[in-house]
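Visitor: return atomic coordinates for the entry below.
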Amino acid sequence: MKKMGRLEAILWNIAFPGFSQLLMGHYVKGIIFVLLEFVINANSQFNSAIMYSFLGDMDKAYSVLNFQWLMFYPCVYMFALWDAYRSAMPEDEKFSFLPFVLSAYFVTVGIMYSSKITIFKCNLGPVFLPMLCLIPGLLIGFLIKYLLSSKSNK
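Guide: Just a heads-up that it's a prediction; the model follows:
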């Protein structure tokens, strides 16, 4: 079983959920994450939406998406990241799940409101607004983790 650092585990799973698990020898989890990635991605048409978003055609990005499937994506994606991070840690770190959980919540809300929220009179679409929502999710998650860890250490 390959030992990898937390950063390496996160980076492999950012590239594709399940890769870190496969590299660490957690084959069942890795295969499940890879399959979930394929199923959710294909049924939501997320790759097409990413392509249209990067080309600046937000209307087309919205039209191809199946939001009922896309709503599953942030939770599966962030859970796979957290699992890789946790598996790569030398010891159990209290509250390590909080930044990942809150990021999943914030990105999901970003997906829901992506067609309603404009920034500087610009609709960021179903890809870029949820990506931006990751930032407050991580920040609030790390803040709560820090506060809870400080309180439990006293």
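
Visitor: mind checking how far the biggest helix by length in the chain is from the chain centre?
Guide: Taking DSSP state H as the criterion, the chain has its longest helix at helix 125-153. On the basis of CA atoms, centre = their mean, to the nearest Å, helix 125-153 sits 12 Å off its chain's mean C-alpha point.

Visitor: one more: stretch 39-51?
Guide: 14 Å.

Visitor: return stretch 83-99 as CSV; C-alpha atoms alone will do.
Guide: Taking Å, rounded to 0.1, in the frame of the first residue of the first chain, the C-alpha atoms of stretch 83-99 are listed here in CSV:
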residue,chain,number,x,y,z
ASP,A,83,-11.4,10.6,2.4
ALA,A,84,-8.1,11.0,0.6
TYR,A,85,-6.9,13.7,3.0
ARG,A,86,-7.9,11.6,6.0
SER,A,87,-6.4,8.4,4.7
ALA,A,88,-3.1,10.2,4.1
MET,A,89,-2.9,11.6,7.6
PRO,A,90,-0.4,10.1,10.0
GLU,A,91,-2.9,10.5,12.8
ASP,A,92,-6.5,11.3,13.3
GLU,A,93,-7.0,15.1,13.1
LYS,A,94,-10.0,16.4,15.0
PHE,A,95,-12.6,18.2,12.9
SER,A,96,-10.7,17.7,9.6
PHE,A,97,-14.0,17.1,7.9
LEU,A,98,-15.4,20.6,8.5
PRO,A,99,-13.8,22.5,5.6
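
Visitor: could you give the mean pLDDT of that stretch?
Guide: Averaging pLDDT along stretch 83-99 yields 86.

Visitor: where do the helices sit along the chain?
Guide: Counting by DSSP H, the helices of the chain are 6-15, 19-23, 27-44, 46-54, 58-64, 67-70, 73-88, 98-113, 125-153.

Visitor: for residue 119, find the nearest of those helices.
Guide: Taking CB to CB, helix 125-153 is the member of the helices of the chain nearest to residue 119, at 7.8 Å. Yep, even glycine has a C-beta here, placed from its N, CA and C like the rest.

Visitor: quick one: list the elements packing against that closest one.
Guide: helix 46-54, helix 58-64, helix 98-113 (3 or more CB pairs under 8 Å, 6 or more residues apart in numbering; DSSP states H and E).

Visitor: go through the shortest one and flag the buried ones.
Guide: So the one you mean is helix 58-64. 58, 60-62, 64 (16 or more other CB atoms under 10 Å).
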